[in-house]
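Visitor: model this:
(one chain, ligands or ions: 1)
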Amino acid sequence: MTNQPHPEPTNSTPELFTREFAADPYPAYAWLRDHAPVHRTELPSGVEAWLVTRYADAKQALADQRLSKNPAHHDEPAHAKGKTGIPGERKAELMTHLLNIDPPDHTRLRRLVSKAFTPRRVAEFAPRVQELTDRLIDGFAGRGSADLIHEFAFPLPIYAICDMLGVPREDQDDFRDWAGMMIRHGGGPRGGVARSVKKMRGYLADLIHRKREALPEAPGPGEDLISGLIRASDHGEHLTENEAAAMAFILLFAGFETTVNLIGNGTYALLGRPGQRARLQASLARGERGLLETGVEELLRYDGPVELATWRFATQPLTIGGQDIAPGDPVLVVLAAADRDPERFADPDRLDLARRDNQHLGYGHGIHYCLGAPLARLEGQTALATLLTRLPDLQLAVDSTDLRWRGGLIMRGLRTLPVEFTPIP
Ligand code: HEM
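Guide: So this is what the prediction gives:
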C-alpha cells in the first residue's frame, strides 16, 4: 500500500500495469531505478516505450530538445492503430496544443498564454477559489459523509478553470459532465469520450465566436482568458482561431484531472498519517501558511497526480542513462519514480510535510514545465487547508485496501475517496 512508509523493492522484474501496480507502483519503480533505469516495455496498448525512472536521467530527458512532443514523430505499429494512448487525433484542431508541439510554435503559443498564469494574476483569483471550496464543502458538511473525489476534488478545478477562461456560470455544469465522461473513461478517443470532446470543441468554437463579436475595444481589468486569446489572434500575434480553441481545451484538460488527483492523493496521504496531519492542523489553527506550502509540494513529490510525463519521441539517436534510444522511439519519463529516487531525496519513501530540499519533478521540467502550477498550488492549498479546518475529524470511511486507483497511463489518482466526519450545521 502507498500508506506503508518503506515499500520493499521486489526481487525480480516486476509486472507493470496490473491492478496491484496501480494501487502501489512504488516498489516496482524502486526495482527499475536499481536494475533497469531506462527500461523498454510494452504498454497495455501494445506500443513499446522507454521508461526513465532515475531523477537525474528524468530531469535530463524532460529538457532534451532531441525528444519531440509532436506525435507525428512516432510510427504507430499497424496493430496498435488508434489504441496507443498517443494523441491519435493528431490532425484534429484541438490537438495542436502546447503539450504536442515543439519550438518555435511552442515558444510563441506559450508566451501568449503565460501572462494569464503569473503568480500575481493567479493570486487575484484566490477569493473565488476559496468561495468555490466553501460552497462545495457546504454541499456535504451537514451529512457527516462524502465521496471527496466526486463531491469535492472533481468539481473544484472544473469550475475554477471555467471561470478563468470566461465560460459563463450557467454553462459550467455542461463542462462538468463532459469532463466527468473524459475522466471516467480515460483519454481514449472513442465512444462517449469522443462525443464529449466533440461537444466541448463545438462549444468552445461557438464561445470564441460569440466573445469575438462582443469584444470591447480595450481590455478591461480581470479580462477572461479566452477574450485575451482572441485579442492576441486579432492583433497579429499569429494565433489562429483553432489554436485559441486548442489552448482553451488544453487548459481544461491539463488543469482538471491533475488537480483532482492532487486533492485526492494528498488528502488520502494525510488521512493515513495522523502525526503529520495533526501538525498541519495545529499550524493552520495558528494562522501559519509555511507548513501548508511545503506540505503541498511534498504531497506532489510523494504521490503526485502525474505518474508519467506526457509522450516524448526521439527525433535522432540519443543516449539516456547509458541506454541508446533510436529515432522514433517513444520515451516516458516516470515522474513518480524520479521523485522517490534516494540519490536525490533523503528518505524518499517518507512523507515529510516540512521537507525543504524538495525540487520535485511533479510539475515537469524544462520548456513544458507546468503552466498552471501557480493555480494548482492555490487550489491544492485552499482545498486541503479548508477541509482540515472545517472538518477537523475527517477520516477514511473504508479500509484503504478497498480503495481503487484509476488505471490510466499518465495520471495517478483514486476513483473514489469515501470519508466521514462529525456533521456541521
Ligand atoms: C504541463 C503537472 C495543474 C496546465 C504539465 C506538466 C506536468 C504538469 C508534469 C509537464 C508535462 C510534460 O512535460 O510532459 C501538473 C500537476 C498539476 C497541474 C501535477 C496539479 C497539481 C495544471 C493546471 C493547469 C495546467 C491547473 C491550467 C489551468 C498545464 C499546461 C501544460 C502543463 C498548459 C503544458 C505546458 C507546456 O507544454 O508548455 N503539468 N499540472 N496544469 N500543465 Fe500542468
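Visitor: let me know the pLDDT of the closest residue to residue 103 other than its chain neighbours.
Guide: Nearest-residue entry for residue 103: residue 367, 7.1 Å, with adjacent residues in sequence omitted and distances by CB to CB, 6 or more residues apart in numbering. For every residue, glycine as well, the C-beta is placed using N, CA and C. As summarised for this prediction, residue 367 has a pLDDT of 97.
Visitor: equivalent analysis for the one 5 residues further on, please.
Guide: As predicted, residue 372 sits at a pLDDT of 94.
Visitor: and for residue 403?
Guide: At residue 403, the pLDDT recorded in the model is 94.
Visitor: which residues touch it?
Guide: For residue 403, the contact set (CB atoms under 8 Å, 6 or more residues apart in numbering) comprises 23, 268, 414-417.
Visitor: buried subset of these?
Guide: Of all the contacts of residue 403 considered here, the ones buried according to neighbour count by 16 or more other CB atoms under 10 Å are 268, 414, 417.
Visitor: was I right about the last one contacting residue 154?
Guide: By that I understand residue 417. No. Counting by CB atoms under 8 Å, residue 417 stays clear of residue 154, with 10.3 Å between them.
Visitor: hang on, the earlier thing: what about the residue nearest to residue 103, distance to the ligand?
Guide: For residue 367, the distance to the ligand equals 6 Å [CB to the nearest ligand atom, to the nearest Å].
Visitor: these two touch, right, that residue and residue 105?
Guide: No. No contact is recorded between residue 367 and residue 105 when judged using CB under 8 Å, the distance being 11.7 Å.
Visitor: where does the residue of the stretch 151-300 of the chain found nearest the ligand sit, in terms of helix or strand?
Guide: When distances are taken as CB to the nearest ligand atom, the stretch 151-300 of the chain reaches nearest to the ligand at residue 255, 2.8 Å away. Element membership for residue 255, per DSSP states H and E: helix 241-271.
Visitor: residues near residue 404, how many?
Guide: As a burial measure, residue 404 scores 11 neighbours (other CB atoms under 10 Å).
Visitor: er, residue 105 I mean
Guide: For residue 105, the number of neighbouring residues by other CB under 10 Å comes to 15.
Visitor: for it, what are its contacts?
Guide: Remark: with contacts taken as CB under 8 Å, 6+ apart, residue 105 is in contact with residue 96.
Visitor: check the gap between it and residue 243 for me.
Guide: Taking CB to CB, to the nearest Å as the criterion, residue 105 is separated from residue 243 by 9 Å.
Visitor: shared neighbours, the two?
Guide: Common neighbours of residue 105 and residue 243 are listed as residue 96 (criterion: CB under 8 Å, 6+ apart).
Visitor: who in the stretch 1-150 of the chain is up against the ligand?
Guide: Along the stretch 1-150 of the chain, the residues adjacent to the ligand under the rule CB under 6 Å from any ligand atom are 62, 98-99, 110.
Visitor: can you lay out the residues you listed as TSV showing neighbour count?
Guide: Conversion of those to TSV gives the following (neighbours: other CB atoms under 10 Å):
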residue	neighbour count
62	22
98	19
99	17
110	18
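Visitor: excluding chain neighbours, what is closest to residue 140?
Guide: That would be residue 146: by CB to CB, 6+ apart, it lies 3.9 Å from residue 140.
Visitor: who's that neighbour bridged to?
Guide: With beta bridges defined as DSSP bridges, residue 146 has these partners: residue 419.
Visitor: dump the residue contacts of it.
Guide: Residue 146 sits in contact with 140, 152, 418-419, where contact means CB under 8 Å, 6+ apart.
Visitor: mind doing that once more with 10 Å?
Guide: If you count contacts by CB atoms under 10 Å, 6 or more residues apart in numbering, residue 146 has them with 136-137, 139-140, 152, 391, 394, 397, 417-421.
Visitor: let's see which of those residues end up in strands.
Guide: Using DSSP state E to define strands, the subset of the contacts of residue 146 located there is 418-420.
Visitor: confidence score at residue 297?
Guide: The score at residue 297 is 98. That number is its pLDDT.
Visitor: fine by me, thanks again.
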